[in-house]
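Chemist: Pasting a predicted model and its sequence here:
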Protein chains: 2
Amino acid sequence: MPVFAPVGTQATVKTVTPDELEQAGATLILSNTYHLYLRPGADLIARLGGLHRFMRWPHPILTDSGGFQVFSLQDLRQIDEDGVTFRSYLDGSTHRFTPEKAVALQEQLGADIIMCFDECAEPHDRAYNEQALRRTHRWAERCRAAQRRADQALFGIVQGGIFPDLRARSAEFLTQLDLPGYAIGGLSVGESKDKMHAMLDVVTPLLPEDRPRYLMGVGSPEDLLEGVSRGIDMFDCVLPTRTARNGGLMTRDGRINLRAARYAEDGGPIEEGCDCYTCRRFSRAYLRHLLKVKEMLGLRLATIHNLRFMLRLIGEIRQSILNGEFAAFKQDFLGRYRIVPHAVRAEQKRNRMANRRRFKGQ
Amino acid sequence: MPVFAPVGTQATVKTVTPDELEQAGATLILSNTYHLYLRPGADLIARLGGLHRFMRWPHPILTDSGGFQVFSLQDLRQIDEDGVTFRSYLDGSTHRFTPEKAVALQEQLGADIIMCFDECAEPHDRAYNEQALRRTHRWAERCRAAQRRADQALFGIVQGGIFPDLRARSAEFLTQLDLPGYAIGGLSVGESKDKMHAMLDVVTPLLPEDRPRYLMGVGSPEDLLEGVSRGIDMFDCVLPTRTARNGGLMTRDGRINLRAARYAEDGGPIEEGCDCYTCRRFSRAYLRHLLKVKEMLGLRLATIHNLRFMLRLIGEIRQSILNGEFAAFKQDFLGRYRIVPHAVRAEQKRNRMANRRRFKGQ
């Protein structure tokens, strides 16, 4: 049954409390090992009882391995067969991640689902992807061997860029490791939706039916529907929260930019029928005012709505599957949801830029 | 019975919802006419049903007249006998406030308590204060004459800088106008506490016993106690909220800077025994982490604590008055509350700077 995980990079989903997350319907959140390793430190979080206790989130947490961020560091990192050496963007100090270190850090953080340390290569470079894939596979074996805690599910990550044969090789190799779950990585970095779908069509049939399949870093409304169609069970994405902070509010008819002048005197809620705190309490006009004058409350209220929108959607997807009506639900939803092509392109560009900046915690 | 009003400059007390304000114990909030006039516009708020409805705050609101901000504009404003012409810091456009306009705007906003348009002069310049005071008094008469709505209490503002005879003259003049309440202005702009107390000692005995006395823009914990001692009933201050956003957390033992390294692994609440949401839910270590990594949630959680601290304090002051034990309560509190002199001086300097920047909504 598919789930959508909001992103809580620095042990907080930006602007909201755990209670607000729970009210929005979140069941799983993602947090970033790389950021928490740098600040406040995985050892400190361990001494304070682990990430759940530290941030007061009593429900499941997934941590990534730090690989994605470290490989985004470009000039600040050096890869070798054993791991990656990188400089902190905070103080220039030198650090080293290996598969064993990534697992040890994630054991200190204590998430429910942890990820193998992988090499996230530029998706269009075949030679580099071949080399990176071999490393990712060896590192997956080392991660499995390094695991000490029995209460965490270690997921493998299928890589291979936009190359179907590499993706297939990766899915087959990792399946042999008999891991409790499998992720598909490297598809959130700005490639076209068609390429992403093509890769999913290759990979998901090769993954075991009885293990969750997690599409990393992907999660627009249309991605959820297309992903579930192709056998994906888990998504995480900064889209609802980041879009909210840019004034983009999600509705069944598509995304609206609440900063637009036409909402200045609109006394209605963001979305009729939405049960989120923001829609129950405040008008579009008020939220627009808060966003225009850059009040933090506006960013929070927008975030709450978008989170609820995504979590309601994934809930309805689950229900439609239970009712055997997913195909009709998908068609209905996509028939109504207006995707603005230039907004999608802008979002993809923003994602690429954001991925570059991501290691800075922005 | 004394009340403390949190400041919601732009139709929001920064970072918190009306529900959170209510939970913290707020009964009255202040909002700024000048800011709301510029964005989103008092006419727009009127069309949407007034400020209470716009921001969903069903309890009392006080609006200032805009005078304080307009007079802070320095080079951007020109004063004449009839009013003030000023340029918008947003787009350079020219605007004009008169006593009549200030009342009309406040009638559009629809607060429960509205303020006379006054001239807030630099407190140490005798000649200027004499001139400004005459204008403030004439403007008070014009404000009273301009009032159209019968459901708003119009307060006069005693000015006169640091000059006892001017303060006395102002209190006597305004008392003759028989207004429903009186404010004491111009004492929040960085002058010494001794001077402030001396002015209160002159003014409050001259104001009618049966009307509320409001000390504008003042409200540290020690100010509340010293003010109540001297007959003040109402306070407003950005101190708890602004201090919170700088990482300063208020406790019965004094203010602590939660960014300090010694709180890094402190699993306790901000303040033992505090019933605020933050203290009931989160540790000092977690809040410190949020503040250190500049997460907005940290600013909100700190704000919630400081608001609750101030509102609990004013509640205890009220109770001690009812019990006839105010003097003992004051002595106990001040005996324990550690005022760090350099922090007070830094705060005063910050206030002066902030007052200069205030018109920018910061």
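Modeler: Thanks, I have it. Please read these numbers as outputs of a predicted model, since none were measured by experiment.

Chemist: any idea of the mean pLDDT for stretch A:273-281?
Modeler: In this model, stretch A:273-281 has an average pLDDT of 98.

Chemist: quick one: residue A:229 and residue A:330 touch, right?
Modeler: Yes. Applying CB atoms under 8 Å, one finds residue A:229 in contact with residue A:330, separated by 6.5 Å. (Glycine included, C-beta is placed from N, CA and C.)

Chemist: okay, those two: which has more neighbours?
Modeler: Ranked by neighbour count (other CB atoms under 10 Å in any protein chain shown), residue A:229 and residue A:330 place residue A:330 first, with 18 against 15.

Chemist: Contacts only, for the closest residue to the more buried one other than its chain neighbours.
Modeler: Sequence neighbours aside, residue A:225 is the residue nearest to residue A:330 in space, at 4.6 Å (criterion: CB to CB, 6 or more residues apart in numbering or on different chains). The contact partners of residue A:225, taken as CB atoms under 8 Å, 6 or more residues apart in numbering or on different chains, are A:317, A:330, A:333, A:334.

Chemist: ok, those vs chain B, which is closest?
Modeler: Among the contacts of residue A:225, residue A:317 lies closest to chain B (CB to the nearest CB), at 28.6 Å.

Chemist: mind checking the SS state of the closest one?
Modeler: Each residue gets one of three states, and residue A:317 gets helix by DSSP: H, G, I helix; E, B strand; the rest coil.

Chemist: Now do it against residue A:52, distance only.
Modeler: Per CB to CB, to the nearest Å, residue A:317 is found 27 Å from residue A:52.

Chemist: go on, residue A:214?
Modeler: 20 Å.

Chemist: more crowded one of the two?
Modeler: More neighbours surround residue A:214 than the other of residue A:214 and residue A:52, with 26 against 18 (other CB under 10 Å).

Chemist: helix, strand or coil for the more buried one?
Modeler: Residue A:214 - assigned by three-state DSSP - is strand.

Chemist: pLDDT value on it, please?
Modeler: 98.

Chemist: Could you measure from it over to residue B:43?
Modeler: From residue A:214 over to residue B:43 the distance is 52 Å, taken as CB to CB.

Chemist: Then residue A:346?
Modeler: Distance, residue A:346 to residue B:43, using CB to CB: 34 Å.

Chemist: residues in the stretch 1-150 of chain A within reach of chain B, list them.
Modeler: A:10-12, A:14-17, A:19, A:35, A:39-40, A:44, A:47-49, A:54-56 (CB under 8 Å from any CB of the partner chain).

Chemist: Of the residues you listed, keep whichever come out buried.
Modeler: A:10-12, A:14-17, A:35, A:40, A:44, A:48, A:54-55 (16 or more other CB atoms under 10 Å in any protein chain shown).

Chemist: Redo these as TSV? Include pLDDT and secondary structure.
Modeler: As requested, those are exported to TSV (pLDDT from 0 to 100; DSSP: H, G, I helix; E, B strand; the rest coil):
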residue	pLDDT	secondary structure
A:10	98	coil
A:11	98	coil
A:12	98	coil
A:14	98	coil
A:15	98	coil
A:16	98	coil
A:17	98	coil
A:35	96	helix
A:40	98	coil
A:44	98	helix
A:48	98	coil
A:54	98	helix
A:55	98	helix
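
Chemist: Name the nearest of these relative to residue A:281.
Modeler: residue A:16 (14.8 Å; CB to CB).

Chemist: chain center to the helix or strand encompassing residue A:241: distance?
Modeler: Per DSSP states H and E, residue A:241 falls inside helix A:239-245. Remark: helix A:239-245 is offset 12 Å from the chain centroid, using CA atoms, centre = their mean, to the nearest Å.

Chemist: Return the list of helices and strands in contact with it.
Modeler: When contacts are defined as 3 or more CB pairs under 8 Å, 6 or more residues apart in numbering or on different chains; DSSP states H and E, helix A:239-245 sits against strand A:248-251, helix A:296-322, helix A:341-357.

Chemist: quick one: which of those is nearest residue B:339?
Modeler: Among those, helix A:296-322 sits nearest to residue B:339 (CB to CB), with 29.1 Å.

Chemist: leaving aside the residues next to it on the chain, what's closest to residue A:280?
Modeler: Closest to residue A:280 by CB to CB, 6+ apart is residue A:269, at 7.4 Å.

Chemist: and the gap between residue A:198 and residue A:132?
Modeler: The gap separating residue A:198 from residue A:132 is 20 Å, by CB to CB.

Chemist: ignore the last one, residue A:93
Modeler: The spacing between residue A:93 and residue A:132, counted by CB to CB, is 26 Å.

Chemist: the more surrounded of the two?
Modeler: residue A:132 (23 against 9).

Chemist: who touches the more buried one in this structure?
Modeler: A:119, A:120, A:121, A:159.

Chemist: Please apply the same query to residue A:64.
Modeler: Going by CB under 8 Å, 6+ apart, residue A:64 touches A:30, A:32, A:33, A:34, A:115, A:216.
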